[in-house]
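K.L.:
Only the shape, not the letters, is given here:
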């Protein structure tokens, strides 16, 4: 017990050195926390996506993409499909979408989506599970139903010259012109309409960021689609009922609808997540290694500096084990202090700094189409009890491994040799 | 001396080591018995082997040859664990540079060997206070070494050496870092505590050595004469 107390008291011999060492340990520990947060963020994003996508079915008009102005793909589902689908057992949610394409210069076209304000904002191509993060302005509310308002993807906003500041200050607007055409988009004889942009989102996907969401009624008014639906997303109560509900859907609406399970998004995101998680684990390993190196040098310095004292302790009756406990206590305590400092900084700066760390440390190693993830990733500065337990374990292992050589030197020193060192 | 019961018995004790390809005979075949009480001074020039001999008697070093028997134990064959116990219970060390633990108070420094020997806390405190008071440091319990004079630090070191009431105190140049007044006082203290134990002092200071009950002269690793 005395040796533990001695080890703890040794910490405060030099306050300057204590501060320097604690910071040196805190830096890799902080990086470890950031890497863990990134890993956890990606993990939770993937889990949500998988859970959502796996209980989801999509209906489109048979043989059509269902975009109201797309050449050869403009057939949409009849309105009564909604009622028929709602009546099927195990269906817990039905969300209608209307879609139109709009030509722009590179990358050629964007997607206009009409939906209920409370519906999940699903993304073309890769983000069917949806609800991208709002990065400026606000989300829809029930009051937006029928209003000329929209939420824009960051890619589309960039093309349209709309900034986050414009949105925050309430000055952002966009003119929707249904008469504009493209080799795959036919013109619609409808007047232009100006929508107020109330929010901007970031999805993490290039195509996903090229959409404009507006209330379903607003869409109907602009494109003069009084009846019918482009897509219907059907959520089930359990993944176990996919087969039975699919069969029932085919019986009820199979003559007019194609039924799809949009699992591509989950597969894509799971692949991305695996890549990013591996990089985060590599970063965390590097941080733990750095922490071990710092502890290695600190312990070695302690042993060299205090060899006379160690010799004295042995000469007056301290066992090798006792002196080892003293040095190890100091190393572990330094690591814990470094960890606590890192935790405090992580609480304050974690959310803010995880993005840049992700951008600098991980994004360069990702293929270019993954890079928008940096915008969409939501990293929390919360640490679970089990996460904290893992970190304490890592810190303990790092302090034991890092101080092992120094401790071996302690055991090896005879009291006489120790006192000869100056 | 040999007529009294011996605390220490040295039988043909030698310590040889290699330095730059040459064998150095630091101690070379010493035979000596040292009684259970009294002050014994070991004097000799630098490099004569007096500190080496002291370290072997204190179980801090092992002889190359011969036997070192202290308080009935032959130290040569003892495992490290037993040597640690021996240093804790049988020997008290007083060093030239005091070797107090800098971040402990005087009282805590004196209590340390007792903690290693698992003495209960109230007893540790009582004994440490008593020893410090006996050595004139009653007002210095809470002082750290950096707040004490050289003489005071050495008195704390003597108190620490006496903490477990060992039968043997080994002092290596205990006055080497002190002025003559403080040195004289330390010598008097060592002399005083030798009334009920053996105090073995290594010193260069011949005048101080003359106050010992026995003086052992050592030169080139061999004892020259008994005083």
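P.N.:
That came through fine. Keep in mind that this is a model prediction, so the values were computed, not measured.

K.L.:
who's the most centrally placed residue in chain B bridged to?
P.N.:
The residue lying closest to the centre of chain B (CA atoms, centre = their mean) is residue B:170, at 1.0 Å. Applying DSSP bridges to residue B:170 yields these beta-bridge partners: residue B:93, residue B:200.

K.L.:
show me the residues around it that make contact.
P.N.:
B:54, B:57, B:58, B:91, B:92, B:93, B:94, B:200 (CB atoms under 8 Å, 6 or more residues apart in numbering or on different chains). All C-beta atoms are positioned from the backbone trio N, CA, C, and that covers glycine.

K.L.:
now the residues you listed as a markdown table including neighbour count and pLDDT?
P.N.:
Output for the contacts of residue B:170, formatted as a markdown table (neighbours: other CB atoms under 10 Å in any protein chain shown; pLDDT from 0 to 100):
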| residue | neighbour count | pLDDT |
| --- | --- | --- |
| B:54 | 20 | 92 |
| B:57 | 26 | 94 |
| B:58 | 26 | 93 |
| B:91 | 26 | 94 |
| B:92 | 30 | 94 |
| B:93 | 27 | 93 |
| B:94 | 26 | 92 |
| B:200 | 27 | 94 |
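
K.L.:
Between those, which sits nearest chain A?
P.N.:
Comparing those against chain A with CB to the nearest CB places residue B:93 closest, at 5.1 Å.

K.L.:
hang on, the earlier thing: and the contacts of residue B:170, which two are the farthest apart?
P.N.:
Across those, the longest distance by CB to CB is 13.6 Å; it joins B:57 and B:94.

K.L.:
Now the phi/psi pair for whichever residue of the stretch 251-400 of chain A sits closest to chain B, please.
P.N.:
Nearest residue of the stretch 251-400 of chain A to chain B: residue A:317, at 2.8 Å (CB to the nearest CB). Per-residue torsions, residue A:317: phi 120, psi 0 (degrees, to the nearest 10).

K.L.:
For burial, what's the neighbour tally of it?
P.N.:
27 (other CB atoms under 10 Å in any protein chain shown).

K.L.:
and it, what pLDDT?
P.N.:
Per-residue confidence (pLDDT) for residue A:317: 90.

K.L.:
Next one, pLDDT for the residue lying closest to it once chain neighbours are set aside please.
P.N.:
For residue A:317, ignoring the flanking residues on the chain, the nearest one in space by CB to CB, 6 or more residues apart in numbering or on different chains is residue B:88 at 2.8 Å. At residue B:88, the predicted lDDT confidence score is 92.

K.L.:
Now for residue A:240, how many residues are close by?
P.N.:
Neighbours of residue A:240 (other CB under 10 Å): 10.

K.L.:
For it, give me the pLDDT.
P.N.:
For residue A:240, the model assigns a pLDDT of 75.

K.L.:
Count the residues that sit near the closest residue to chain A within chain B.
P.N.:
Here chain B gets closest to chain A at one residue, residue B:88, 2.8 Å apart by CB to the nearest CB. The tally of other residues near residue B:88 (other CB under 10 Å) stands at 23.

K.L.:
In terms of helices and strands, where is it?
P.N.:
helix B:80-89 (DSSP states H and E).

K.L.:
mind listing what's buried in that helix?
P.N.:
Neighbour-count burial for helix B:80-89 flags B:83, B:84, B:85, B:86, B:87, B:88, B:89 (criterion: 16 or more other CB atoms under 10 Å in any protein chain shown).

K.L.:
Helices along chain B, start to end?
P.N.:
B:50-57, B:80-89, B:106-116, B:121-134, B:150-161, B:180-193, B:206-209 (DSSP state H).
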